[in-house]
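J.: The following comprises the amino acid sequence and a computationally predicted model.
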Amino acid sequence: MLEIRNLRATIEGNEILHGLNLTVKAGEVHAIMGPNGSGKSTLARVIAGSEDYEVTGGEVLFDGENILELEADERARRGIFMAFQYPVEIPGVGNTYFLRQALNAVRKERGLDELSGKEFLELAREKARLVELPEELMKRSVNVGFSGGEKKRNEIFQMAVLEPRFSILDETDSGLDIDALRVVASGVNKLRGADRAIVVVTHYQRLLQHIVPDVVHVLVDGRIVKTGDKDLAEHLEEVGYAWVDGELKAAQAAQA
Amino acid sequence: MTQTLTKAARFADLLDKSRATLANEPAWLAERRARAAESFAELGLPTTRHEDWRYTSLARLEDAELVPAADNAKASPATLALAEYAGLDAVLLVFVDGHYRAEYSRAAALPAGVVLKSLAAAIRDGSPLVAEKLGRLTKPERHSFTALAEATFRDGFLLHVPDGVEVATPIHVAFLSSDTAAGVAASARNLIVLGAGAQATLIETHAGLGAGLHLKNVVTEIRAAVGARLDRIVLQRESPEAVHVSTTHVYQERESLVRSHTIDLGGALVRHNLVGDLDGEACEAIFNGLYVLRGTQSVDNFMWVEHRKENIPSHELYKGVLADKASAVFTGRIYVHPEAQKTDAKQTNQNLLLSDSARANARPQLEIYADDVKCTHGATIGQLDAAAQFYLESRGIDPRTARNMLVKAFANDIVERLEVEPVREAVEALLDQRLAEMS
Ligand SMILES: Nc1ncnc2c1ncn2[C@@H]1O[C@H](COP(=O)(O)OP(=O)(O)OP(=O)(O)O)[C@@H](O)[C@H]1O
Ligand SMILES: [Mg+2]
């Protein structure tokens, strides 16, 4: 479904992704782990189409089509979704209004009718229950006055409403309490499907006990340096990234 | 031999042509007009060398050959439609090119004692209130446009709400420009007198559709006696080449409240002078504004608020959205007299620039002679929040719609304060329309 080939991306002249490869098939859930500053959010934001980054090489194929040519909104309408590590507060833009606009834009692209305000509210209520997002939050401005955890839930709520085919969740677990983690994870699990793929970026093995990944990657210094199954995450938790670093250096030394 | 008039002389020519005398004009007014004409001849039009006009050039007026307005210009149905707000149940006074037009106006029952009529008619009828109050707040010897209005006004409106009377029905006064207003200069004078404890809601619409430069010059005096309350909304949507100058003096006594909201969408060049003379303890003034401009439109808000007594809050929030080469100026002068302890003056001007060629200037000017006061001012000139824009787009919303959502969120701070719902809804619709026109 998503195939990233040799992706290079820079921000303000600094190269952050140094030729990254990643393949995610329909129906799969992948996890990406990696130290702070290694480029996980960069990857997520480049996939989503942020203009802060310049892609200097490589491809991102979604269903075989290179999406790097598409604007962020076009990508979203095709079914790509990123849950932000730091969701943005937008005073004055109502959460419900915003999400209805978004859903209708997505539906239009899919050849579906736009939902009326009432139809949307019904759907939104149902999805809000899925992530136990208090209905009262839907009435507020986007993310304004939300606690850290509420913002994360709101991201998954949006995902549930928009039903993207490919989602990358950037540290959606950080800032969640134990109960919220379970709720969000079960929400994500309900969104798994044969024609969908999800990538979760996380620092913690704990999330992966709830959302069990098919594949685990380790991203270090702008590259995927190790790929394995869920046991890799457990192993990482025990030994830390120094181990990967060591392996990486060994590999580089062997190459040289 | 033909002579070319100098620019200043040309304007004086306008003055000569338009010096008005109303039927039955009393001697006091005739004298005042003569003095105002002299003042205007001396002052001329302000130039950008004048500190208060530094960013707004009136060159286009000097180059224009303006003539007085006819008193019977026809208002087309489309123009008259500008005076309608769906669902608004209001008394309606319509002026066309500065002349009151009964045939376009709509009466409604007002409480006993309330006077709402053409100022010319009030003068003709020998109104003692007008004789006593008209021109008490204005300074024609100092301000060109006030002098011009005094010398040349044909009409305007008088609103008098006696002590203790609450007018529940909104009062709507529409100053329309005819489709043939090109080249016309129309001045109007308005007098609003609220007695002790009186209450009223006033909507002023300034609008037109015709092509061509014309000048609308409006001088308004508002007096709010002890405990009076005025809620005023001004919607300015003049035609694209119009020059609109307003000068509004607000005089407030103890515990009165004046809320004034000015929405600017139209005109080529707009200047609002707003003077708040806060002369009673614990009175409150709220002067807010919103301008959403494109092309080469410019709006210049010049505020002057004087705190003369103790314990007075005054709040000004002016927000602007500027696209293309539009420009805006905000000058906010707050003068706190030594007696005005416990002043709470807050002034904010926020501009959102949608293009690199748009310009905004904000000049706060505080003069404080009391020591126990809270005076704050803030001015921001910024662009759309790129992070917010990306967030919206990342959910599938196209860039234009995302921009419009953010602009409306910004403007909504002012729009949501418009307490007359049909007017608020109309402004929302006009904003949508304006945003749709913006590239
Ligand atoms: N504007 C910028 N200019 C230069 N470097 C930047 C800029 N923005 C981000 N970076 C750098 O890019 C690198 C990758 O950042 P990124 O946010 O992708 O890391 P991350 O893996 O998500 O880290 P974390 O686990 O802390 O979220 C970091 O070293 C960061 O400092
Ligand atoms: Mg990150």
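T.: Received it, and whenever you're ready, just let me know what you need. Residues are numbered from 1 along each chain as shown, chains lettered A, B, ... in the order given. Ligands and ions are numbered 1, 2, ... in the order given.
J.: quick one: which helix or strand includes the residue most central in space within chain A?
T.: In chain A, the residue lying closest to the centroid (Cα atoms, centre = their mean) is residue A:168, at 1.9 Å. Taking DSSP states H and E as the criterion, residue A:168 maps to strand A:166-170.
J.: What count of nearby residues applies to residue B:386?
T.: Neighbour count for residue B:386, taken as other Cβ atoms under 10 Å in any protein chain shown: 12. In short, each C-beta sits where N, CA and C put it, glycine included.
J.: how near is it to residue B:230?
T.: 41 Å (Cβ to Cβ, to the nearest Å).
J.: where does chain B have its least confident helix or strand?
T.: helix B:7-18 (a mean of 66; mean pLDDT, DSSP states H and E).
J.: Can you list the helices and strands that the helix or strand just after that helix packs against?
T.: Once the chain leaves helix B:7-18, the next helix or strand it forms, by DSSP H and E, is helix B:27-43. On a contact count with 3 or more Cβ pairs under 8 Å, 6 or more residues apart in numbering or on different chains; DSSP states H and E, helix B:27-43 meets helix B:7-18, helix B:144-152.
J.: Let me see the ranges of the strands in the stretch 1-150 of chain A.
T.: With strands called from DSSP state E, counting those that start in this stretch, the stretch 1-150 of chain A shows them at A:2-11, A:14-24, A:29-33, A:54-62, A:65-66, A:80-83, A:90-94, A:141-142.
J.: which element is the closest residue to residue B:307 other than its chain neighbours on?
T.: Leaving aside its sequence neighbours, residue B:307 sits nearest to residue B:340 (Cβ to Cβ, 6 or more residues apart in numbering or on different chains; 3.9 Å). For residue B:340, there is no enclosing helix or strand under DSSP H and E.
J.: what pLDDT does residue B:340 get?
T.: In this model, residue B:340 is scored at 97, pLDDT.
J.: In contact with it, which residues are there?
T.: Counting by Cβ atoms under 8 Å, 6 or more residues apart in numbering or on different chains, residue B:340 touches B:278, B:307-310, B:312, B:370, B:373.
J.: Residue of chain A nearest chain B, please.
T.: residue A:92 (2.7 Å; Cβ to the nearest Cβ).
J.: hmm, back to that, how about the strands of the stretch 1-150 of chain A in JSON lines, adding mean neighbour count?
T.: Converted to JSON lines, these look like this (neighbours: other Cβ atoms under 10 Å in any protein chain shown):
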{"stretch": "strand A:2-11", "mean neighbour count": "18"}
{"stretch": "strand A:14-24", "mean neighbour count": "17"}
{"stretch": "strand A:29-33", "mean neighbour count": "24"}
{"stretch": "strand A:54-62", "mean neighbour count": "16"}
{"stretch": "strand A:65-66", "mean neighbour count": "12"}
{"stretch": "strand A:80-83", "mean neighbour count": "26"}
{"stretch": "strand A:90-94", "mean neighbour count": "20"}
{"stretch": "strand A:141-142", "mean neighbour count": "22"}
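J.: mind listing what residue 108 touches?
T.: In the absence of a named chain, chain A is used. Residues in contact with residue A:108 (Cβ under 8 Å, 6+ apart) are A:77, A:114.
J.: Sorry, I should have been clearer: chain B.
T.: Contacts of residue B:108 (Cβ under 8 Å, 6+ apart): B:89-91, B:169.
J.: okay, now the closest residue to ligand 2 within the stretch 151-300 of chain B: neighbour count?
T.: Ranked by Cβ to the ion, the top residue of the stretch 151-300 of chain B for proximity to ligand 2 is residue B:292, at 37.5 Å. Residues contacting residue B:292 under the criterion other Cβ under 10 Å number 27.
J.: next one: the one 3 residues further on
T.: Residues lying near residue B:295 (other Cβ under 10 Å) number 13.
J.: Which of the three states applies to it?
T.: When classified by DSSP: H, G, I helix; E, B strand; the rest coil, residue B:295 comes out as coil.
J.: I figured it hits residue B:355, correct?
T.: No: using Cβ atoms under 8 Å, residue B:295 is not in contact with residue B:355, being 10.7 Å away.
J.: what do the two both touch?
T.: With Cβ under 8 Å, 6+ apart as the test, residue B:295 and residue B:355 both reach B:324-325.
J.: Remind me what the strand holding residue A:168 packs against, helices and strands.
T.: So strand A:166-170, by 3+ Cβ pairs under 8 Å, 6+ apart, packs with helix A:40-48, strand A:80-83, helix A:148-162, strand A:197-201.
J.: if you look at it, does any of it touch ligand 1?
T.: No: shown here: strand A:166-170 not in contact with ligand 1 (Cβ under 6 Å from any ligand atom), separated by at least 7.0 Å.
J.: Just want the angle from whatever helix or strand comes next after that strand to helix A:148-162.
T.: On the C-terminal side of strand A:166-170, the closest following helix or strand by DSSP H and E is helix A:178-190. Calculated by axes from the mean of the first three to the mean of the last three Cα atoms, to 10 degrees, helix A:178-190 forms an angle of 10 degrees with helix A:148-162.
J.: who's the one residue sitting closest to the centre of chain B bridged to?
T.: Central residue of chain B (Cα atoms, centre = their mean): residue B:246, 4.6 Å from the mean position. Here residue B:246 sits in beta bridges with residue B:218, residue B:272, going by DSSP bridges.
J.: closest point of chain A to ligand 2, which residue?
T.: When scored by Cβ to the ion, chain A has residue A:41 as its residue closest to ligand 2, at 3.1 Å.
J.: Give the burial count for that residue, as a bare number.
T.: Neighbourhood size, residue A:41 [other Cβ under 10 Å]: 19.
J.: For it, give me the pLDDT.
T.: Residue A:41 is assigned a predicted lDDT (pLDDT) of 96.
J.: Could you pick out the residues of the stretch 1-150 of chain A near chain B for me?
T.: Residues of the stretch 1-150 of chain A lying near chain B by Cβ under 8 Å from any Cβ of the partner chain: A:48-52, A:71-73, A:76-77, A:81-82, A:84, A:87-88, A:90-93, A:97-99, A:101-103, A:105-106, A:109, A:141-142.
J.: Only whichever of these are buried, select them in ChimeraX.
T.: Applying 16 or more other Cβ atoms under 10 Å in any protein chain shown to the residues of the stretch 1-150 of chain A next to chain B leaves a buried subset, and the ChimeraX line that selects it is:
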select /A:48,49,50,72,73,76,77,81,82,84,87,88,90,91,92,93,97,98,99,101,102,103,105,106,141,142
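J.: for the helices and strands packed on strand A:166-170, which one sits closest to residue B:57?
T.: Taking Cβ to Cβ, helix A:40-48 is the member of those nearest to residue B:57, at 45.9 Å.
J.: Name the SS class of the residue in the stretch 1-150 of chain B that ligand 1 sits nearest to, please.
T.: For the stretch 1-150 of chain B and ligand 1, the shortest gap (Cβ to the nearest ligand atom) falls at residue B:55, measuring 35.5 Å. Reduced to three states with three-state DSSP, the structure at residue B:55 is coil.
J.: one step back: looking just at contacts, which helices and strands does the helix or strand harbouring the residue of the stretch 151-300 of chain B closest to ligand 2 meet?
T.: Under DSSP H and E, the secondary-structure element containing residue B:292 is strand B:284-293. Here strand B:284-293 touches strand B:257-264, strand B:269-278, strand B:298-307, strand B:313-322, strand B:327-336, helix B:399-415, helix B:421-437, going by 3+ Cβ pairs under 8 Å, 6+ apart.
J.: relative orientation of that strand and helix B:399-415 in degrees?
T.: Using the same axes, to 10 degrees, strand B:284-293 lies at 160 degrees relative to helix B:399-415.
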